[in-house]
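In: Only the shape, not the letters, is given here:
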């Protein structure tokens, strides 16, 4: 038992945790009705998550042939290994576990207009990896295993609006990647469907979009899938939600940037060419290998982790939840060691707000590179090589920090994974940026988001947060 | 020696082959100056290609550990194996060799305007797999191995226009896939750069775009890379080339379709949603395996082929060419057994021409599926399951056949690979199409081609051919 890391005490969450406690200070603009609804969901729900030994995972086993950690049904996901060699970055070669989940799931949000005001149907959802209990997910969050009922549970509510043609007007329908450092080629179908009206279930709530924008400023409340889906929503919906007046130069510059009214620093063609060039410049060879052949990693009864303790480990949990289709199961989760920093530098160029994107290789991305945030790192892990602009972000004076909230990553696959998301305004006298960086206007990002695999999930989260600023 | 297939006699091509012989009938509208220039290049060039045993390939060997056929430098490409399982199509599982070439090469075309008329700088180029001797390639056709000089040859002419920022105006710069049934995740950087003027080398020629469009109607002349690059060129350039008057209802309907003036059958959002849905519907698991572990395939001294002789084989050649940077080498090539049919059905809907694209899984595509032609098959290989619309295409009355030309695939990797490319107008009373098919307007395809991995290389070739019709 001495192997069990100190961080991971037995029971993590129980019913009765009050979400109000931690978000009270930031909750201005959120209706009391929604706040009591969410508090009530918390009371109605009980959830227990326990760290267990990897060999106690029910239905999961290390495959004798492949050495990988897989479910006996062959579905859900597999924890396997990769061997990476690249000409990009400071580290030329490494080994790591990775989550392989080849199925395409649906992240679907229903929207409706009430007197012209857009509303989103959000779900209060418990996930085993959450550090708090409940977060707000899109209307539907379903893996293919979920909705083809591999685990024998009930059907997924509202799924038919996303799978049945003509059930509403499709506003967004695009495959987007997820954490490229932790997932191998994972992608989900991000959908928004506009409907006339649909009654909410016990765990669903119709919330005006302008309130959802407010909620993004509250720590670990709006989950990753909701942020991803929101980022793909056309900017006109944010402009239309109208609850956040343009009360500063930056808000006005953001509105211009989102509408495409002002000049962009570089044309969209030039941005695309910059990105194509960046993709072509380096090579990345990723070989799938057995989980047992990872050099520099070790397996204990409780986890698979690096010998130097850095980055992340693979752990096992058993879960009991009373409000879901399946109330008890166990599964592996990926457990990052530290909280990361994920930040966009913002700058007003000719009256138009621009964000500084970084063309970033990640081992699990389908085409190796997507555009990421200006800074995306865990500061202590990256200590030997300080990423560009990290100090600029961390040392920014408080009046330049436009957004600063801790948000969680997918609680269905990651154990207590959270990052500090920041939007920071920088000076006009910022020096010329390295050629893997590019200043891009918001409407240009919106154009790219009609297509998959341009913006990584961290950048999409930040873009959703950006929409809380104007 | 009895193993050497009858098709492949020793010397295939020698100097003095006259390209005029086979394209005389179709060469209307092509200037005599260009015709004699090309004939002269043919006379200036000698090329000998000889089939050899796989163990005679100089610099190539079957790796003892992996079993794969690779170059001793570790560059160029590797012939390896894949094991495929899928829920898509009639065959649920198979094994096959595949060419793995992870590097991103450049297919670059220089353009200039002469009195407002767009001109392309084309290259007369010999490739070992060509069935004729010379074809017309883009200005630059360079693998990363080429331009980083792994084979010790000279520099690539004009390469600096595509690698040096600011050398011209970048019109096209996008990664596009190549043959998804034969290449594993292959993609090249398709580029068009507009320059003021550049003097042509001995093997380069400035040709007006309207003549290039004419040349597309000549058998095996305009090579695959040129077709791919041309397909990515904005439609305005074709409209601007002005040499082909709108002399029929179809030409006018194509002009409207390219300009986006008339109504599209489905909105671009709906097309994107249709494609996302199609991608999500099936699963495709592709495992890389050793070339020696392919069930149903056998290796003889001369080739690796299927036991039933179908589809394609891997062969070896030695090459002597007098006009290239390296004049003698040997290499493996993929040799398809039969000529295929690649066709778009065209239909005028509300006065606007539409093509019928097919959402098509192919094992080597990065995201498994791209939009392909209406028909893409080798009729005899697919005999047990007749593809949809094949009979419609093959039985079309001659006045409905708008384009019918045999074109070659990449002669640097494929041995005598050619397909019959067809554009066929179909009746308005065509029944409702299966849901893996979609009618799309030309300007919608142009929008998609600003981004990678929407249209497969066969569909891009057809789109270039389509531009010879209006």
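Out: Thanks, I have it. This one's a predicted model, so the numbers in the text were calculated from it and none came from an experiment. Numbering: from 1, shown residues only, chains lettered A, B, ... in the order given.

In: For whatever residue of the stretch 51-200 of chain A ends up closest to chain B, grab phi and psi.
Out: Using C-beta to the nearest C-beta, the closest approach of the stretch 51-200 of chain A to chain B is made by residue A:173 at 3.7 Å. Bear in mind the C-beta positions are built from the backbone N, C-alpha and C, glycine included. With angles defined as degrees, to the nearest 10, residue A:173 sits at phi -160, psi 90.

In: what does residue A:281 give?
Out: Backbone geometry at residue A:281, expressed as degrees, to the nearest 10, gives phi -80, psi -30.

In: Any stretches of chain A with poor pLDDT?
Out: Within chain A, the ranges that satisfy pLDDT under 70 run A:1-28, A:145-154, A:240-247, A:324-326, A:381-384.

In: Residue numbers of it in contact with chain B?
Out: A:102-104, A:106, A:144, A:170-171, A:173-175, A:187, A:189, A:269-270, A:272-273, A:276-277, A:279-280, A:283, A:285, A:288, A:366-367, A:450-453 (C-beta under 8 Å from any C-beta of the partner chain).

In: Which among the residues you listed count as buried?
Out: Neighbour-count burial (16 or more other C-beta atoms under 10 Å in any protein chain shown) applied to the residues of chain A next to chain B gives A:102-104, A:106, A:144, A:170-171, A:173-175, A:187, A:189, A:270, A:272-273, A:276-277, A:279-280, A:366-367, A:450-453.

In: In helices, which of those residues appear?
Out: Using DSSP state H, the subset of those located in helices is A:144, A:270, A:272, A:273, A:276, A:277, A:279, A:280.

In: farthest pair in these?
Out: A:144 and A:270 (38.3 Å; C-beta to C-beta).

In: contacting residues for residue A:378?
Out: Each residue near residue A:378 by C-beta atoms under 8 Å, 6 or more residues apart in numbering or on different chains is listed here: A:311, A:336, A:337, A:338, A:339, A:340, A:341.

In: So how do I select the buried members of the residues you listed in ChimeraX?
Out: In ChimeraX, this line selects whichever of these come out buried by 16+ other C-beta under 10 Å:
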select /A:311,336,337,338,340,341
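
In: how near is the residue positioned nearest the centre of chain A to residue A:234?
Out: The C-alpha lying nearest the average C-alpha coordinate of chain A belongs to residue A:224 (C-alpha atoms, centre = their mean; 3.5 Å). To residue A:234, residue A:224 is 21 Å away according to C-beta to C-beta, to the nearest Å.

In: for residue A:278, same thing?
Out: Separation of residue A:278 from residue A:234 (C-beta to C-beta): 26 Å.

In: what do you get for residue A:257?
Out: From residue A:257 over to residue A:234 the distance is 14 Å, taken as C-beta to C-beta.

In: Check residue A:104 too.
Out: Distance from residue A:104 to residue A:234, by C-beta to C-beta: 23 Å.

In: now residue A:66
Out: 43 Å.

In: just residue A:36 next, same as before
Out: On the measure of C-beta to C-beta, residue A:36 and residue A:234 end up 32 Å apart.

In: Neighbour count: residue A:278 and residue A:234, which is higher?
Out: When neighbours are counted by other C-beta atoms under 10 Å in any protein chain shown, residue A:278 comes out ahead of the other of residue A:278 and residue A:234, with 20 against 17.

In: The closest residue in space to residue A:349 that isn't next to it in sequence sits in which helix or strand?
Out: The shortest distance from residue A:349 to any non-neighbouring residue, by C-beta to C-beta, 6 or more residues apart in numbering or on different chains, is to residue A:265 (4.9 Å). Using DSSP states H and E, residue A:265 maps to neither a helix nor a strand.

In: What values do phi and psi take at the nearest residue to residue A:447 once chain neighbours are set aside?
Out: Once flanking residues are discounted, residue A:447 sits nearest to residue A:268: 6.1 Å by C-beta to C-beta, 6+ apart. Dihedral pair for residue A:268: phi -60, psi -40, per degrees, to the nearest 10.

In: I'd say residue A:268 and residue A:446 touch.
Out: No: between residue A:268 and residue A:446 there is no contact under C-beta atoms under 8 Å: 10.6 Å.

In: of the two, who's got more company?
Out: Legend: neighbour count by other C-beta under 10 Å for residue A:268 and residue A:446, higher for residue A:446 (21 against 16).

In: So the more buried one lies in a strand, does it not?
Out: No: with DSSP: H, G, I helix; E, B strand; the rest coil as the criterion, residue A:446 is assigned helix and is not in a strand.

In: Quick one: residues contacting the residue nearest to it when sequence neighbours are not counted.
Out: Nearest non-adjacent residue to residue A:446, counting by C-beta to C-beta, 6+ apart: residue A:235, 5.2 Å away. Going by C-beta under 8 Å, 6+ apart, residue A:235 touches A:258, A:259, A:442, A:443, A:446, A:467.

In: all helices for the stretch 201-350 of chain A, in order.
Out: Along the stretch 201-350 of chain A, the segments classed as helices by DSSP state H, counting those that start in this stretch run A:209-215, A:224-231, A:235-241, A:249-259, A:268-281.

In: Highest mean neighbour count out of the ones you listed?
Out: helix A:224-231 (a mean of 26; mean count of other C-beta atoms under 10 Å in any protein chain shown).

In: Helix, strand, or coil at residue A:355?
Out: Classification of residue A:355 using three-state DSSP returns strand.

In: From what I see, it and residue A:374 are in contact.
Out: Yes: Residue A:355 lies in contact with residue A:374 (C-beta under 8 Å); the separation is 7.3 Å.

In: between those two, what contacts are shared?
Out: With contacts taken as C-beta under 8 Å, 6+ apart, residue A:355 and residue A:374 have A:344, A:345 as neighbours in common.

In: which residues touch the residue of the stretch 201-350 of chain A found nearest chain B?
Out: As assessed by C-beta to the nearest C-beta, chain B sits closest to residue A:273 within the stretch 201-350 of chain A, at 3.7 Å. Taking C-beta under 8 Å, 6+ apart, we find residue A:273 in contact with B:170, B:173.

In: same check, this time on the one 4 residues further on
Out: When the contact criterion is C-beta under 8 Å, 6+ apart, the partners of residue A:277 are residue B:173.

In: at 10 Å instead, please
Out: By C-beta atoms under 10 Å, 6 or more residues apart in numbering or on different chains, residue A:277 lies in contact with A:359, A:435, A:436, B:162, B:163, B:165, B:170, B:173, B:189, B:191.
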